[in-house]
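**Student:** Give me a 3D structure for the following:
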Amino acid sequence: MSLLASQSTVQELLAKLVGFDTTSAKSNLELIAFVQDYLAKRGVASVLVPSEDGKKASLVATIGHGSGGIGLSGHSDCVPVTGQTWTSDPFTLTEHDGRLYGRGTCDMKGFIACVLASVPLFKARPLKEPIHILISYDEEVGCAGVRPLIARLGADLPRPRVVIVGEPTSMGVIDAHKRIDAYRTIVTGKEAHSSLPAIGVNAISAAAELIGELDRLAEEIAETENDPRFEPPCSTVSVGVVEGGTATNIVPKNCEFRWQVRSLPTSSAGETARDLAAFAETALLPKMRKVAKDAAVVTESQTSVPAFVAAPHSDAVALALALTGANRTGTVSYATEAGLFEESGCPAVICGPGDIAQAHAANEFVSIAQLETCMTFLADLTDMLRA
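**Tutor:** Got it, this is the predicted structure:
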């Protein structure tokens, strides 16, 4: 049995990672430079996969030799803290009652800290197959950063035999998740003085009707779909942002709202957007265009993240079950990079420390006990791979 890295080492690494504000709108290069230097000092070379503008990068590092191997995948970016009320500095790791607080501790710098702390274990003896460390950017905004990395696997970067995505699952083994499609709907009406609303077309009112239709569609979906493996057991539709209008005494010409669908893997992608467009064409635009011939409702696709369904008898799932000792798998309703790895031909599984209920929230935390369980998981992986 391998000796685990000390918990203090994990916490020191996590404190360093949390200290980098890698909100998706910002660069992650300082964090990546820290990881690259940390690995280099331990004799591990790494390769960067930069973004097109050079402001961000993913990192790939391999320990051991040979083809195949096990990929340990995590994303470096985190969600904003804007508008949240924290009781401690979100970018300073704070310990209290067995919990480590800070932005990204749960999602998912805790997993990355465990992987980095395990590097000496990975290097302790020759491995039957290599271990690949994969750290991406912009996962929180549509899994954008991992895509160019995946495109190079099997070309100039090694292709893992399986990939373990360390998203927070409380170290449970997850073999499926929903799909995400994000949209932006733009409503164009006609301005007028608010004392004469009939000569204008109120874009906000039209947007409100569209949002009401989305709510109706969501209720219809809930009544017609049922997959008890998921919670909730159906696809979901939600509106997150609404913007429009100029002043209360002006009939608003413009309004837009951003919304998303989280679909069951078996659902038809894009169906809700098509239904909304049909509603706009039949129920809204004819009356809007009686007043303003240029009135319009346009829905644009913003991002899509594929659903994840592990293949039957997946090597990745079998490995995670063996390492955790679990006898069953679960599903999640949030999306990850696992679907992209699976689509590319790298069998994937999701298993990592922390509870998703803590992710994205104020006072985000991961428990020390969860990190200890993850360290045991990685130590057992090392033993399994030793030549």
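**Student:** List the buried residues of stretch 301-312.
**Tutor:** With burial defined by 16 or more other Cβ atoms under 10 Å, the residues of stretch 301-312 counted as buried are 304, 305, 306, 307, 308, 309, 310. C-beta: built from backbone N, CA, C; applies to glycine.
**Student:** Would you convert the residues you listed into CSV that also reports distance to residue 163?
**Tutor:** Output for the buried residues of stretch 301-312, formatted as CSV (distance: Cβ to Cβ, whole Å):
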residue, distance to residue 163
304, 20
305, 16
306, 15
307, 16
308, 11
309, 15
310, 11
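**Student:** Strands of the stretch 1-150 of the chain, start to end?
**Tutor:** 46-50, 57-63, 70-75, 94-96, 99-101, 131-136 (DSSP state E, counting those that start in this stretch).
**Student:** Can you pick out the ones from the buried residues of stretch 301-312 that are in helices?
**Tutor:** When those are checked against helices using DSSP state H, none is located there.
**Student:** Contacts only, for residue 206.
**Tutor:** If you count contacts by Cβ atoms under 8 Å, 6 or more residues apart in numbering, residue 206 has them with 187, 189, 255, 284, 288, 297.
**Student:** Surely the second one and residue 254 touch.
**Tutor:** Yes: under the criterion of Cβ atoms under 8 Å, residue 189 is in contact with residue 254, at a separation of 7.4 Å.
**Student:** As TSV, the strands of the stretch 1-150 of the chain with mean pLDDT and mean neighbour count would be great.
**Tutor:** Listed next are the strands of the stretch 1-150 of the chain as TSV, based on pLDDT from 0 to 100; neighbours: other Cβ atoms under 10 Å:
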stretch	mean pLDDT	mean neighbour count
strand 46-50	98	17
strand 57-63	98	23
strand 70-75	98	27
strand 94-96	97	14
strand 99-101	98	22
strand 131-136	98	26
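**Student:** For residue 339, which of the ones you listed is the nearest?
**Tutor:** Residue 339 sits nearest to strand 70-75 of all the strands of the stretch 1-150 of the chain, at 12.2 Å, using Cβ to Cβ.
**Student:** Packing partners of the closest one?
**Tutor:** helix 110-117, strand 131-136, strand 162-165, helix 368-385 (3 or more Cβ pairs under 8 Å, 6 or more residues apart in numbering; DSSP states H and E).
**Student:** now the contacts of residue 206 as TSV including secondary structure?
**Tutor:** Shown next, in TSV, are these (DSSP: H, G, I helix; E, B strand; the rest coil):
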residue	secondary structure
187	strand
189	coil
255	strand
284	helix
288	helix
297	strand
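**Student:** ok, and the most crowded of those?
**Tutor:** residue 187 (29 neighbours; other Cβ atoms under 10 Å).
**Student:** Of all the strands of the stretch 1-150 of the chain, which one is nearest residue 244?
**Tutor:** Checking these against residue 244 by Cβ to Cβ gives strand 70-75 as the closest, at 32.6 Å.
**Student:** neighbouring strands for the closest one, and are they parallel or not?
**Tutor:** strand 131-136 (parallel), strand 162-165 (parallel) (DSSP bridges).
**Student:** what would these look like in JSON lines with distance to residue 90?
**Tutor:** Putting these into JSON lines (distance: least, Cβ to Cβ, whole Å) gives the following:
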{"stretch": "strand 131-136", "distance to residue 90": "20"}
{"stretch": "strand 162-165", "distance to residue 90": "24"}
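**Student:** What is the nearest of the contacts of residue 206 to residue 248?
**Tutor:** Proximity of those to residue 248 (Cβ to Cβ) peaks at residue 255, which lies at 14.3 Å.
**Student:** show me what contacts residue 384?
**Tutor:** So residue 384 contacts 322, 323 (Cβ under 8 Å, 6+ apart).
**Student:** Kindly report the same for residue 48.
**Tutor:** 32, 36, 57, 58, 59.
**Student:** same deal with residue 387?
**Tutor:** 125, 126, 127, 128.
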